[in-house]
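In: This is a predicted model, with the sequence first.
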There are 2 protein chains.
Amino acid sequence: MPRYRIDIEYDGGPYAGWQRQMGQHSVQEAIEKAIAAFAGEEATLRGAGRTDAGVHALGQVAHVELSRKWEPNTVRDAINAHLRLANETVSILRAAAVADDFDARFSAKTRHYLYRILNRRAPPALERGRVWHIPKRLDADAMHEAAQRLVGHHDFTTFRSVQCQAKSPVKTLDRLDVARLGEEIEIRASARSFLHNQVRSLAGTLKKVGEGAWSADDVQEALEARDRAACGPVAPARGLYLVTVDY
Amino acid sequence: MPRYRIDIEYDGGPYAGWQRQMGQHSVQEAIEKAIAAFAGEEATLRGAGRTDAGVHALGQVAHVELSRKWEPNTVRDAINAHLRLANETVSILRAAAVADDFDARFSAKTRHYLYRILNRRAPPALERGRVWHIPKRLDADAMHEAAQRLVGHHDFTTFRSVQCQAKSPVKTLDRLDVARLGEEIEIRASARSFLHNQVRSLAGTLKKVGEGAWSADDVQEALEARDRAACGPVAPARGLYLVTVDY
């Protein structure tokens, strides 16, 4: 059957997450309903990242098989038209015909995430629901320095949700950069794959460094403890974005 | 009475505009209610720009007199606390004590506006309600070139709402720059003051240039016609931001 890759942007605020769940409104379900409305068939999407409730995407990637061959641009525009009718905060950026062996989840080489902190006294008005608001000034340089202790091949048990279903807690974190851009602090994380809640756990721990409560050595100790209890707070979902996926 | 300047960010989407109007929810009313809740008095705000329904602000400026002397940071934090309780999409960025002759409206030297166009095929998901979505590729360079015909001291009758209450349609436009930033086109306009709907009228006319329907000469002819009917479409409110005000 013809297979399509679709790249997706969404505001995760209204959704119970990416993945279809009984009795809840998910991004996957919203798109599958739009596909059913235009193509008249029940197709199942597979996404690269199973983002949690409230997490956003600038470039989630999924694949889907349809029984009929369509112009990829028709797939994109038709899904968008039905998403709009349903008032979903989801948009298909691109659609492309791909080979049968392209799997959005298993072919992914690197996943890139962004975590946004609004670091100013005043709460967000325009970026409400899109950032983690931290009124107290954070030291972004100290956060970046401590972050480098976490880059590489490690057992990330400390930074893993107790609900995580991954077989192993050992992962390779390729990049964990922290930078200040005016009132905002951006944390950029890249890896082949992440554990459940890993980026939010890393962001919450780095916030402890930013406010001066933890040193880079404390972060390294937390990592080496391989103990969930050693983790800082888990940062809220609303600041997290799946930016793009490399294949 | 002690006078305060407050700088304000808001998502204009939920509001009938800046100005208090009988029976409608305005930004001014939201802040005045928050002031009443914390200071226990009915104070009246005066804003630098009377933004329309749906128009946003990154840095609206207003002044207010209160009968008691407060720490400016207390004014900021207390108003924000009450705005939050009321679930308003308004945030006080700064508050400062100012002299009695500071008038947010009449002392303003330059007002800076930004108009944002999302210029890509896919509709916005994350920036929904914050940009004008134009799927067809626009030529930002041609828009910028045509915009320069509008800079300077002119009779802007063509670009003025029929409801405009300004005494004269003659204004000096200091800056009208158009630039592409990836998928977005930013139009930046600066002047001592603007006519009602002027920036949105300019943006709508420049969009005609961007899509190739109008030339720079057509824009100049429209200006010289001094006729509202010669104007392009008025761009939607959701793409417009009052950025900052100089004093």
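Out: Sure thing, it's come through. Numbers count the residues shown, from 1 in each chain, chains lettered A, B, ... in the order given.

In: for chain B, what are the nearby residues on chain A?
Out: Residues of chain A lying close to chain B by Cβ under 8 Å from any Cβ of the partner chain are A:9-11, A:56, A:58, A:73, A:76-77, A:80, A:84, A:89-94, A:120-126, A:128, A:130. (Each C-beta comes from the backbone N, C-alpha and C, glycine too.)

In: which residues sit in contact with the residue lying closest to A:Ala99 once chain neighbours are set aside?
Out: Of all residues not flanking A:Ala99 in the chain, A:Arg3 sits nearest, at 7.1 Å (Cβ to Cβ, 6 or more residues apart in numbering or on different chains). The contact partners of A:Arg3, taken as Cβ atoms under 8 Å, 6 or more residues apart in numbering or on different chains, are A:His63, A:Val64, A:Glu65, A:Ala97, A:Val98, A:Ala99, A:Asp100, A:Phe102.

In: ok, what's across the strand from A:Arg3?
Out: A:Glu65, A:Val98 (DSSP bridges).

In: Quick check on the residue of chain A positioned farthest from its centre: phi, psi?
Out: Relative to the centre of chain A, and counting by Cα atoms, centre = their mean, the farthest-placed residue is A:Arg68 at 31.0 Å. A:Arg68 adopts backbone torsions of phi -110, psi 150, taken as degrees, to the nearest 10.

In: what does A:Asp217 give?
Out: Torsion angles, degrees, to the nearest 10, at A:Asp217: phi -60, psi -40.

In: Show residues contacting the helix or strand hosting A:Asp77.
Out: Using DSSP states H and E, A:Asp77 sits within helix A:72-85. Under the criterion Cβ under 8 Å, 6+ apart, residues A:4, A:6, A:30-31, A:33-35, A:37-39, A:66, A:70, A:90-97, B:121-123 lie in contact with helix A:72-85.

In: Among the residues you listed, which lie within strands?
Out: Of the contacts of helix A:72-85, the ones assigned to strands by DSSP state E are A:Tyr4, A:Ile6, A:Val90, A:Ser91, A:Ile92, A:Leu93, A:Arg94, A:Ala95, A:Ala96, A:Ala97.

In: quick one, what contacts the first one?
Out: Think A:Tyr4. A:His63, A:Val64, A:Glu65, A:Leu66, A:Trp70, A:Pro72, A:Val75, A:Ala95, A:Ala96, A:Ala97, A:Val98 are the contacts of A:Tyr4 under Cβ under 8 Å, 6+ apart.

In: Over to the third one?
Out: Under the criterion of Cβ under 8 Å, 6+ apart, the neighbours of A:Val90 are A:Ile8, A:Glu9, A:Tyr10, A:Asp11, A:Val27, A:Ala30, A:Ile31, A:Leu83, B:Ala125.

In: Show me the domain layout of chain A.
Out: A:3-98, A:110-246 (automatic domain parsing).

In: Switch those domains over to CSV; also include mean pLDDT.
Out: Output for these, formatted as CSV (pLDDT from 0 to 100):
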stretch, mean pLDDT
domain A:3-98, 97
domain A:110-246, 96
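
In: Now tabulate those domains in CSV and tack on distance to B:Phe159.
Out: Converted to CSV, the domains of chain A look like this (distance: least, Cβ to Cβ, whole Å):
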stretch, distance to B:Phe159
domain A:3-98, 31
domain A:110-246, 26
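
In: of all those domains, which lies closest to B:Leu206?
Out: Closest to B:Leu206 of the domains of chain A is domain A:110-246 (Cβ to Cβ; 23.5 Å).

In: Strands of chain A, residue ranges please.
Out: Under the criterion DSSP E, strands of chain A are mapped to A:3-10, A:46-47, A:56-65, A:90-98, A:110-118, A:132-133, A:152-155, A:170-181, A:184-191, A:240-246.

In: For B:Leu138, which of the ones you listed is the nearest?
Out: Closest among the strands of chain A, using Cβ to Cβ: strand A:90-98, at 18.2 Å.

In: what comes up buried for that closest one?
Out: Neighbour counts over strand A:90-98 (16 or more other Cβ atoms under 10 Å in any protein chain shown) mark A:Val90, A:Ser91, A:Ile92, A:Leu93, A:Arg94, A:Ala95, A:Val98 as buried.

In: What of stretch A:105-119?
Out: For stretch A:105-119, by 16+ other Cβ under 10 Å, it's A:Ser107, A:Ala108, A:Arg111, A:His112, A:Tyr113, A:Leu114, A:Tyr115, A:Arg116, A:Ile117, A:Leu118, A:Asn119.

In: How much space separates the spatially closest residue to A:Leu202 that is not a sequence neighbour from A:Thr51?
Out: Spatial nearest neighbour of A:Leu202, excluding adjacent residues (Cβ to Cβ, 6+ apart): A:Phe159 at 5.6 Å. Distance, A:Phe159 to A:Thr51, by Cβ to Cβ, to the nearest Å: 17 Å.

In: Who has more neighbours out of these two?
Out: Neighbour tally, A:Phe159 and A:Thr51, criterion other Cβ atoms under 10 Å in any protein chain shown: the higher count belongs to A:Phe159, 32 against 24.

In: Contact partners for that one?
Out: A:Leu150, A:Leu195, A:Asn197, A:Gln198, A:Ser201, A:Leu202, A:Thr205, A:Leu223, A:Cys231.

In: hmm, try it at 10 Å
Out: Contacts for A:Phe159 (Cβ atoms under 10 Å, 6 or more residues apart in numbering or on different chains) come out as A:150, A:169, A:171, A:173, A:194-205, A:222-223, A:226, A:228, A:230-232, A:234.
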